[in-house]
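Undergrad: Okay, predicted coordinates and the sequence, questions at the end:
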Amino acid sequence: MKNILSLVLCLSIATTALSQNLDITLLENLTTKSFASIDTYMIDYYGYEKIKSQNEDLQNKYGRTYKHDLDNTIVITVISSKDDSNALDISLAKNYKVQEIKDKLVSQGYTYTGLENFEFSEFKKDKSVFLVSEIPNEEGKTQVKVIVE
């Protein structure tokens, strides 16, 4: 019995160690920051690298790989809107687990409101909306979109 508990504990720790956490607070802050200040915020404060965007006037793209493992990569595209908010399009490598992202959103006060186009789970809190892809794509990447209504 003791060996079984030890094995379960080791497997639990290993799964947690391989899984990457998504910073919901960072994403919420990005939707409300002025578009002009996002470079400083992402690069200096959070350590992301800026990726050259095709249309630099309307969007900025940032990437970060944790622990030198490409399976822990996150790419965040910040899209400027006409109002005071920004939209986000996020691509997550395979070590980000969809169910953990959903659980974290709920634990931070978001309410699951259903499926959007049978492809994304929708979560809302106040005016923030998170759309989390149900199934990673063929490359193992999960897509998350964040908008402010």
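TA: Now that the structure is in, tell me what you want to look at.
Undergrad: Chain neighbours aside, what residue packs nearest to the most centrally placed residue in the chain?
TA: Of all residues in the chain, the one closest to the mean position by CA atoms, centre = their mean is Leu22, 4.9 Å from it. Nearest in space to Leu22, with sequence neighbours left out and distances taken as CB to CB, 6 or more residues apart in numbering, is Ile101 at 5.3 Å. Placement of C-beta: from N, CA and C, glycine included.
Undergrad: now do Val144
TA: Here the residue nearest Val144, using CB to CB, 6+ apart, is Ile90, at 4.2 Å.
Undergrad: Who are the contact partners of the one you found?
TA: By CB atoms under 8 Å, 6 or more residues apart in numbering, Ile90 lies in contact with Leu22, Leu27, Ile74, Val75, Ile76, Thr77, Gln143, Val144, Lys145, Val146.
Undergrad: Show me what it bridges to in the sheet.
TA: Under the criterion DSSP bridges, Ile90 forms beta bridges with Ile76, Val144.
Undergrad: Distance of it relative to Lys141?
TA: Distance of Ile90 to Lys141, computed by CB to CB, to the nearest Å: 10 Å.
Undergrad: one step back: and the contacts of Ile90, which two are furthest apart?
TA: Using CB to CB, the two most remote members of the contacts of Ile90 are Leu22 and Thr77, lying 15.1 Å apart.
Undergrad: Can I get the buried ones among the contacts of Ile90 as something I can paste into ChimeraX?
TA: Here is the ChimeraX selection string for the buried members of these, based on 16 or more other CB atoms under 10 Å:
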select :22,27,74,75,76,77,143,144,145,146
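Undergrad: Redo the contacts of Ile90 as JSON lines? Include distance to Tyr112 and pLDDT.
TA: Compiled in JSON lines, these are given as follows (distance: CB to CB, whole Å; pLDDT from 0 to 100):
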{"residue": "Leu22", "distance to Tyr112": "16", "pLDDT": "88"}
{"residue": "Leu27", "distance to Tyr112": "17", "pLDDT": "94"}
{"residue": "Ile74", "distance to Tyr112": "23", "pLDDT": "92"}
{"residue": "Val75", "distance to Tyr112": "25", "pLDDT": "94"}
{"residue": "Ile76", "distance to Tyr112": "23", "pLDDT": "95"}
{"residue": "Thr77", "distance to Tyr112": "24", "pLDDT": "94"}
{"residue": "Gln143", "distance to Tyr112": "17", "pLDDT": "94"}
{"residue": "Val144", "distance to Tyr112": "14", "pLDDT": "95"}
{"residue": "Lys145", "distance to Tyr112": "15", "pLDDT": "96"}
{"residue": "Val146", "distance to Tyr112": "15", "pLDDT": "96"}
